[in-house]
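Predicted model, plus sequence, below.
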Amino acid sequence: MKNIILITSLFFVFLATTNAQQPSIPYHEQHITLDGKLDEVVWEELSAYTSFHNYLPSDEGLAEQQTKVKIFHNGEFLYVSVVYQDNESRTQISSLKRDDLSNTVVGSETFILILDTQNQRQNAYYFAVNMGAAQVDGLIERVNDGFSINTNWNTIWNAKTTTKGTNKYYEIAIPLKNLNFKSDSDQFGIQFYVRDIKKNSWTIFKDVSRNYRLFDLRFTQAFDIDNLPKNANSRFAVTPSITINHQEEISANTNETTVVPSLDVQYNLTSSLKLDATINPDFSQIDVDQQVSNFTRFSIFFPERRNFFLENADLFSNLGVDGVNPFYSRRIGSRSAIQFGLKLSGNISPKTRIGILNVQTEEDKDEPSQNYAAFVGEQQLSSNFTATTFLINRQETNNFDFRDDYNRVAGINLNYKSTNNKWIGLANFAKSYTDGERGDSDFYHAGIWYNKRGVFWNTSLRKIGRNYIADVGFTPRLFNFDASNETVVREGYTQAEARLGLTKFFEKSKNINSYRYFLARTFVYWDEQGKLQQTSSFFNQALFFKDLSAMYVSFYHDYVNLKYAFDPLRNGNVLVADQYKFFRGRIGYNSAANNKLVYRTFVQFGEFYSGYNTTASASLQYRLLPFANLQAAYELNRIDLDQLGKDTFHLARFTGEIFFSNRLNWTTYVQYNTQIDNLNINSRLQWEYRPLSYVYLVVTDNFNERINRTNWGVAFKMNYRFDF
């Protein structure tokens, strides 16, 4: 009897302990004075979440320097306090610039919070703050084989930091009205990380093996939530702006000054459903695209940065696969100005998300006005399966009348993720409808990914019909430029892909962290008749040291059955249609990321179609902590095609950033690209005078290779965000 009583008592103690250990976000009617000091009484009353695990450079065991996190809400704000128990008082910060992921987060001492407010492991919010109180926010979006971060999304929140002895303190306040949640939710999915650049380490709350991405939502920890407000405080944000832009074209001897007022509005219909509107928006690129060398036959993808398209962006941007995506928002407004846009997006139930977008462009010279619309529905069918349906439409308009010139793409996607988090599957089907085109307009894809510690592989198959036309999408390989006839030929294809990676980890070695002894990837393409058109194979080995520096060697082999003439030198001497085989090798080294001077370099030699190609690249970054960040990169490409000619292409880039504070910075880009005969200088002064309210002063100068000015301009832009 005594044994029974003892066992029963121990059982109830175990249950009580288990219940007590369930993480939660309690409700307290208390406001915090955000100063990073953590001296409010409520912080003493809350339970601390600790026992952080190692992630990098080792993913074995608990972290030596532990972190304590406390969290609560008061119905208006979500408050988070953090104490990182460092063993040295020195602080290392690489940037005070907002949304600079590589320097503000990765290159600094930083705390990161992942917040999945639906706890469905489909998408989440990303909040990071370094010890200089510089903030990075973004969205975690589902992609084919996992998740990615989009830091172009912004919202209003605040954070303060302090240091006491060797301890580092963070205090964070996030308005609940800025988050997408259902008032009847009982759990958020949460993950915490700490980046210590001094030790080049990452530590993490919910244990994740390093073969998974840090922000993989399958490993978030469920937190119970007490007393979420039934109706979140209405968020009504109005952002008027004005842009004054003066441009001069030297060769044409013309100049133009424009004044563009615009208005952006965002309104929370519910705490999880948002309405965005924009009128006469100015979508000029305040932040310039990074120039790259392109010696392929196809276009290169550049990311979307315009605010209107970023809220719930993953609903629209993740409708296809890499290289075949039916919706690419940078197509909208690329040829003529946008008059207005409306977007409704978010959750209408915990497992159902919708996205509805409509944008109207104006008529401009020979470019008729267009209406762009997108309808997306995402339904979580079970804990393993999610289905997405969509319809994308482009239609020529005349005032309020629709004309017969249209393009539509409709489709359905099915995503699978296994309970043990090792398997991911994706199946896609889409069909396009274009005025004057019939038949052969389908897109099919099926892929599977497997990942466990030390081993990953994937395989996929896709087929694209020649009339699968996505005017609002990104399908570069569907369009082949014939350099002899200067025409574009649309041709469908079938693509197969396979990849395998094997890595060995050395936990007890003093010098070696891991050895990736096998990484291979192969793409195979067939034309519409089933004839082999191209194979591209890649093999890599890499040695990673304890400081996470790395040296690697790579080999590339290509077979191309070239059907259309190609002019890689752009000198008028074309490679004729023929069969080409070429082999290249590369060796490179990446230094440790926690030094003031960080560098990467590689050299590559080998064949290129009927000739040879030599490539050399080096990049340097010097951190004048935390006041400035200097980066320089140079790439040389020498191509020799025998009698067709030879040329050497130079791509040089310099970026200088000066931080007056975490609200005021001056950034200058210098880009020199002989492939496009351009020297570009872009200098930008940016002042965030209140949260998400900015003043920009931008000067841009463009020259040709001979340093003769071709055009220049100066722009002033100011916005003010009203939050009601």
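Thanks, I have the structure now. Numbers count the residues shown, from 1 in each chain.

Only C-alpha atoms from now on, for both contacts and neighbour counts.
Will do.

Give the full set of residues in contact with the residue nearest to Arg521 when sequence neighbours are not counted.
Leaving aside its sequence neighbours, Arg521 sits nearest to Arg499 (CA to CA, 6 or more residues apart in numbering; 4.3 Å). Shown in contact with Arg499 (CA atoms under 8 Å, 6 or more residues apart in numbering): 457-459, 519-522.

Closest one of those residues to Gln533?
Closest approach to Gln533 among the contacts of Arg499 (CA to CA): Thr522, at 13.6 Å.

Tell me the secondary structure of the closest one, please.
Classification of Thr522 by DSSP: H, G, I helix; E, B strand; the rest coil places it in strand.

doesn't Phe52 make contact with Lys66?
Heads up, residue 66 is Gln, not Lys. Yes - contact criterion CA atoms under 8 Å: Gln66 and Phe52 qualify, at 6.1 Å.

Compare the two (neighbour count), which wins?
With neighbours defined as other CA atoms under 10 Å, Gln66 and Phe52 compare such that Phe52 has more, 23 against 20.

ok, back up a step: the residue nearest to Arg521 pairs with what?
Beta bridges link Arg499 to Asn458, Arg521 when assigned by DSSP bridges.

related to what we said a few turns ago, which pair of the contacts of Arg499 spans the longest distance?
Farthest-apart pair in those is Thr459 and Leu519; separation 13.8 Å (CA to CA).

Show the low-confidence segments of the stretch 51-200 of the chain, by residue range.
Residues of the stretch 51-200 of the chain that meet the criterion pLDDT under 70 lie in 144-145, 183.

Low-confidence ranges, the stretch 201-350 of the chain, go.
In the stretch 201-350 of the chain (pLDDT under 70), the answer is 230-234, 282-293.

Which residue ranges of the stretch 551-700 of the chain form strands?
Using DSSP state E, counting those that start in this stretch, the strands assigned to the stretch 551-700 of the chain run over residues 579-590, 597-608, 611-624, 628-640, 646-659, 664-673, 678-690, 693-703.

just how off-centre is the second one within its chain?
In this case it means strand 597-608. Distance, stretch centre to chain centre, for strand 597-608: 25 Å (CA atoms, centre = their mean, to the nearest Å).

Need the CA coordinates for that strand. CSV is fine.
Taking Å, rounded to 0.1, in the frame of the first residue of the first chain, the C-alpha atoms of strand 597-608 are listed here in CSV:
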residue,chain,number,x,y,z
LEU,A,597,38.5,42.2,-41.7
VAL,A,598,36.5,39.5,-43.4
TYR,A,599,37.4,38.3,-46.9
ARG,A,600,36.4,35.8,-49.5
THR,A,601,38.2,34.8,-52.6
PHE,A,602,38.1,32.2,-55.4
VAL,A,603,39.7,31.4,-58.7
GLN,A,604,38.1,29.4,-61.5
PHE,A,605,39.6,28.0,-64.7
GLY,A,606,38.1,25.9,-67.5
GLU,A,607,36.3,25.6,-70.8
PHE,A,608,33.4,27.7,-71.9
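
quick one: strands adjacent to it?
Partners of strand 597-608, by DSSP bridges, with direction: strand 579-590 (antiparallel), strand 611-624 (antiparallel).

Same list (these) but as TSV, adding distance to Asp567.
What follows is these, written out as TSV (distance: least, CA to CA, whole Å):
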stretch	distance to Asp567
strand 579-590	14
strand 611-624	13
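
Tabulate those strands (JSON lines), appending distance to Pro691, mean neighbour count and mean pLDDT.
JSON lines is the format used below for the strands paired with strand 597-608 (distance: least, CA to CA, whole Å; neighbours: other CA atoms under 10 Å; pLDDT from 0 to 100):
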{"stretch": "strand 579-590", "distance to Pro691": "37", "mean neighbour count": "17", "mean pLDDT": "96"}
{"stretch": "strand 611-624", "distance to Pro691": "26", "mean neighbour count": "18", "mean pLDDT": "95"}
